[in-house]
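Undergrad: Here is my input; please provide its structure:
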Amino acid sequence: MKYIVTGGAGFIGSNIVKKLVARGDNVVVIDNLNTGKEQNLASVKDKIIFLKDDILNVDLLEQHTDALDGIFHQAALASVQDSFSKPEEYNNVNVNGTENILKLAKKNDFKVVYASSSSVYGNPEKIPISESDSKNPINPYAETKLKKEELAIKYSQMGVKVIGLRYFNVFGKGQSKEYAGVLKLFLEKIRDNSPPKINGDGKQFRDFVYVEDVADANIMSMDSDVSHEFFNVGTNTSITILDLAKTIIKSAGLNIEPTFGPALKGDVQKTIANIDLIREKIGWKPTVFLEEWINEIISMKKFDEI
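TA: Coordinates of the predicted model:
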């Protein structure tokens with residue numbers, strides 16, 4: 001099978017690439033290295049085609065869509081805070097870039113599995129959050145994700161096979177601040193024997209999902225007979241940011257307390273995924289949970305893995 005992975009040198013994309021290569025697929029990676037890193041692909045660099053470019057280059061995309069089975073579309077601008085100062089850039093890359101891919105999927109008949117986000121829900125009316133719940137994005141980044149979903153619906157009605165995965169807080173080796181950023185920042189503080197800093201009161205709670213499980217959700221979605229759907233990708237468990245800080249401190253055996261700073265603009269207060277739909281339709285479920293991963297990182301001093 002032949003696949004393109006946009007953003008394939010990034011945190012999630014590189015995990016998808018490595019899993020595809022491991023099962024013998026032909027993989028083309030397109031990444032402008034804005035946030036992605038070639039070192040994330042070091043173990044498979046001789047087994048893939050790597051193109052340093054971006055998804056706004058339609059001609060490049062089209063050159064590689066002949067006899068293509070699908071695109072895993074991970075490329076995006078993903079910082080909530082940056083999106084407030086760069087809304088037009090975020091719309092161009094996240095929305096227009098996605099439409100470029102969907103147009104080619106319609107023309108050349110391949111499937112698209114792409115990264116959406118739990119941020120489309122905003123502050124939910126109830127938890128856990130189901131896919132059919134109302135969408136109320138509260139920042140420009142989330143607004144671009146909802147616009148992408150509107151495009152997915154539009155093109156699915158034209159016959160394009162497209163699945164959107166609403167990631168909750170993704171964590172794991174090589175994680176970036178754009179995803180489970182608070183976890184990365186907390187662990188870096190603990191590595192330096194410093195207190196973690198919490199933005200806001202720490203009562204916000206999050207559903208953290210492991211990056212390799214997220215990669216599996218992408219591949220299982222691509223392999224499935226499902227032609228169009230939106231799936232939550234989380235764990236149906238949660239932890240408050242304050243409890244996360246305390247868990248990390250306890251695991252490290254330190255006698256310190258977290259510090260507090262101002263709340264972040266556009267920060268959602270609560271996220272917990274209902275994952276019944278993805279479990280039912282493609283058989284996916286999480287396998288690695290946050291606390292056991294934290295304990296391993298700290299006990300084995302694997303801080304290079306954050």
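Undergrad: and W293, what does it touch?
TA: By C-beta atoms under 8 Å, 6 or more residues apart in numbering, the contact list for W293 reads F171, G172, Y210. No exception for glycine: its C-beta is placed from N, CA and C like everyone else's.
Undergrad: quick one: secondary structure of it?
TA: When classified by DSSP: H, G, I helix; E, B strand; the rest coil, W293 comes out as helix.
Undergrad: Tell me where the longest helix sits in this protein.
TA: Longest helix in the chain, counting residues (DSSP state H): helix 140-156.
Undergrad: if I've got this straight, Q81 is in a helix?
TA: Yes. Q81 forms part of a helix when assessed by three-state DSSP.
Undergrad: ok, it - contacts?
TA: Contacts of Q81 (C-beta under 8 Å, 6+ apart): L264, K265, G266.
Undergrad: If we use 7 Å, what do you get?
TA: L264, K265 (C-beta atoms under 7 Å, 6 or more residues apart in numbering).
Undergrad: One more: Y141?
TA: Y141 neighbours (C-beta under 7 Å, 6+ apart): A78, S79, V80, S83, Y90, S119.
Undergrad: Sketch out the strands for the stretch 151-300 of the chain, chain order is fine.
TA: 162-167, 169-171, 197-199, 205-206, 208-210, 228-233, 239-240, 259-261 (DSSP state E, counting those that start in this stretch).
Undergrad: any idea of the angle the first one forms with helix 140-156?
TA: Using axes from the mean of the first three to the mean of the last three C-alpha atoms, to 10 degrees, the inter-axis angle of strand 162-167 relative to helix 140-156 is 160 degrees.
Undergrad: ok, strand 162-167: who's next to it in the sheet?
TA: Strand 162-167 has these partner strands in its sheet, going by DSSP bridges: strand 111-117 (parallel), strand 228-233 (parallel).
Undergrad: for the third one, same thing?
TA: Based on DSSP bridges, the strands next to strand 197-199 in the sheet, each with its direction, are strand 259-261 (parallel).
Undergrad: now do the fifth one
TA: Using DSSP bridges, strand 208-210 pairs in its sheet with strand 169-171 (parallel).
Undergrad: Averaged pLDDT, the partner strand. What do you get?
TA: For strand 169-171, mean pLDDT is 94.
Undergrad: Tell me how far that strand lies from the chain's centre.
TA: For strand 169-171, the separation from the chain centroid amounts to 7 Å (computed by C-alpha atoms, centre = their mean, to the nearest Å).
Undergrad: ok, now stretch 111-131?
TA: 12 Å.
Undergrad: so what's the spatially closest residue to N236 that is not a sequence neighbour up against?
TA: Distances taken as C-beta to C-beta, 6 or more residues apart in numbering place I275 nearest to N236, at 5.3 Å, with adjacent residues excluded. Counting by C-beta under 7 Å, 6+ apart, I275 touches N232, G234, N236.
Undergrad: do the same with K302
TA: E296.
Undergrad: mind checking how far it is from L187?
TA: Applying C-beta to C-beta, to the nearest Å, the value for K302 to L187 is 10 Å.
Undergrad: Could you do N108 as well?
TA: With C-beta to C-beta as the criterion, N108 and L187 are 43 Å apart.
Undergrad: more crowded one of these two?
TA: L187 (23 against 12; other C-beta atoms under 10 Å).
Undergrad: Please report how far the more buried one lies from N94.
TA: Taking C-beta to C-beta, one finds L187 at 28 Å from N94.
Undergrad: swap in F110?
TA: Taken as C-beta to C-beta, the span from F110 to N94 is 21 Å.
Undergrad: can you list the strands of the stretch 151-300 of the chain in TSV and add distance to I306?
TA: Shown next, in TSV, are those (distance: least, C-beta to C-beta, whole Å):
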stretch	distance to I306
strand 162-167	18
strand 169-171	9
strand 197-199	16
strand 205-206	17
strand 208-210	13
strand 228-233	21
strand 239-240	17
strand 259-261	20
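Undergrad: out of the ones you listed, nearest to K19?
TA: Taking C-beta to C-beta, strand 208-210 is the member of these nearest to K19, at 13.2 Å.
Undergrad: got the contact list for that closest one?
TA: By C-beta under 7 Å, 6+ apart, the surrounding residues in contact with strand 208-210 are 168-172, 180, 183, 233-235, 286, 288, 290, 293.
Undergrad: Could you rerun that using 8 Å?
TA: So strand 208-210 is contacted by 167-172, 180, 183, 233-235, 239, 273, 286-290, 293 (C-beta under 8 Å, 6+ apart).
Undergrad: what's the answer for stretch 253-267, then?
TA: Contacts of stretch 253-267 (C-beta under 8 Å, 6+ apart): 80-81, 83-84, 138-139, 141-142, 190, 193-202, 204, 242, 245-246, 249.
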